[in-house]
Each structure stands twice: as structure tokens, then as C-alpha cells.
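>>> Turn this into a structure:
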Amino acid sequence: MSGLTQKRFWRLVDATAVDLDIDAQTANLRKLMGTLKKQELSGFIHNERMFFDRAFQCNLWDFAAVIFGSCDEEKFHNFRIWLVYRGKQLFKDSLKTPEILVPELRKYSGVGRGEIGSVATQVADERFGVGQWEVPEIDSPLQPEGKRLPESRLETAFPKAWREFRESKRLLE
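I've put the predicted structure just below:
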């Protein structure tokens, strides 16, 4: 997609990912989005959706089920948005090894809530008018990649997350 490269997308996300509160990060992101041209903002949204879809993986869904106590489609949706907005390196590494997120989750406020996943489209609507900008369609996967684990295997698959969030009853909502 012309207008905004993946590299620039991640630079913008990484610039706001330093904040550990989703509301503060959303406000900072909103300011950055206000500086983008129409084509750049469309490119940002395109990249956001592409990486969001890339995180549609069973291992991440199972991990989210551990940290939340259970995980339906809406919680997993919000978790994936949060994951994209934690920055490039954490995003890439967590696709392979979700448990690297445990230290980040200990200190972060707002996993699974907030409007961060819609801020770019809101800014585009405000600046250019609803329906006055577009993002090319992405072939979103219908099913998550991989195979979900049975509940009985989650403790052994994600022992750090299990100890931190299940045993301590510390849920992230």
C-alpha cells in the first residue's frame, strides 16, 4: 500500500508504546494521527489491520485465555489490538513465544479495553469525512492459525502466565 510503509507504521506505534496506560497511549496516538496526510492515514489503517490479522493465532488465543481466565472472540479481538500497539519487537516476538508478554502484562494498565484500535479510523473520519477516505480490503483469515489447546493443557503450555494470572487470581480486566 502506498502512503505509509510498514517501517513507518512501526515507528509511529513505537513512539506511543512507551506509555503503560492505554488511555494515555491512545491520546498520544491521536495526536500523531492528526499530522498524517489522507493517504498516509489510510496506509496506517491498512498496516494496523494487516498486523491485527497476523496475530489471529491459536497460541495467542490460548495464552489470552490463561491471562483473562477465559477468552471469547471480543476479548481476543481486544487483546490482539493491544498487542499490535505494544510495538514492533514485542509484537513479533510474542507471535513465536507468547509468554514473553508476562512481564509487560504485569505492569500494563488497560489490556482489553479502550478505543486504541479505532483511533485511526476516528481521526480519518473527523479530518476527511465519513466515507471520504478508503483502505484497500485485506483478506482476513476466517479461522485462527493453528489449533487450540484443550483447557487441561494450558497450564503446561504457558506456565509463567498460569502462575502469574491463574494461580494468583490476578485477572487483567
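>>> in this structure, which helix has the most residues?
helix 38-54 (DSSP state H).
>>> got the buried residues for that helix?
For helix 38-54, burial by neighbour count (16 or more other C-beta atoms under 10 Å) applies to 40-52, 54. Every C-beta, even on glycine, is put in place using the N, C-alpha and C of the backbone.
>>> Dump these into CSV; add distance to residue 125 as well.
Listed next are the buried residues of helix 38-54 as CSV, based on distance: C-beta to C-beta, whole Å:
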residue, distance to residue 125
40, 16
41, 10
42, 12
43, 16
44, 14
45, 11
46, 16
47, 18
48, 15
49, 16
50, 20
51, 21
52, 19
54, 25
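>>> of all those residues, which comes closest to residue 75?
residue 52 (14.4 Å; C-beta to C-beta).
>>> about what we covered before: possible to save the buried residues of helix 38-54 as a markdown table with pLDDT and distance to residue 152?
Listed next are those as a markdown table, based on pLDDT from 0 to 100; distance: C-beta to C-beta, whole Å:
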| residue | pLDDT | distance to residue 152 |
| --- | --- | --- |
| 40 | 92 | 47 |
| 41 | 92 | 45 |
| 42 | 90 | 45 |
| 43 | 91 | 44 |
| 44 | 92 | 41 |
| 45 | 91 | 40 |
| 46 | 92 | 40 |
| 47 | 93 | 38 |
| 48 | 93 | 35 |
| 49 | 92 | 34 |
| 50 | 94 | 34 |
| 51 | 96 | 31 |
| 52 | 94 | 29 |
| 54 | 95 | 28 |
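>>> one step back: what residues does the longest helix of the chain touch?
1-6, 8-9, 12, 33, 36, 80-81, 84, 91, 95, 117, 120-121, 123-124, 127-128, 133-136, 138, 140-141 (C-beta atoms under 8 Å, 6 or more residues apart in numbering).
>>> in this structure, which segments are predicted with low confidence?
For the chain, the stretches flagged by pLDDT under 70 are 1-2, 19, 109-110, 112-114, 168-173.
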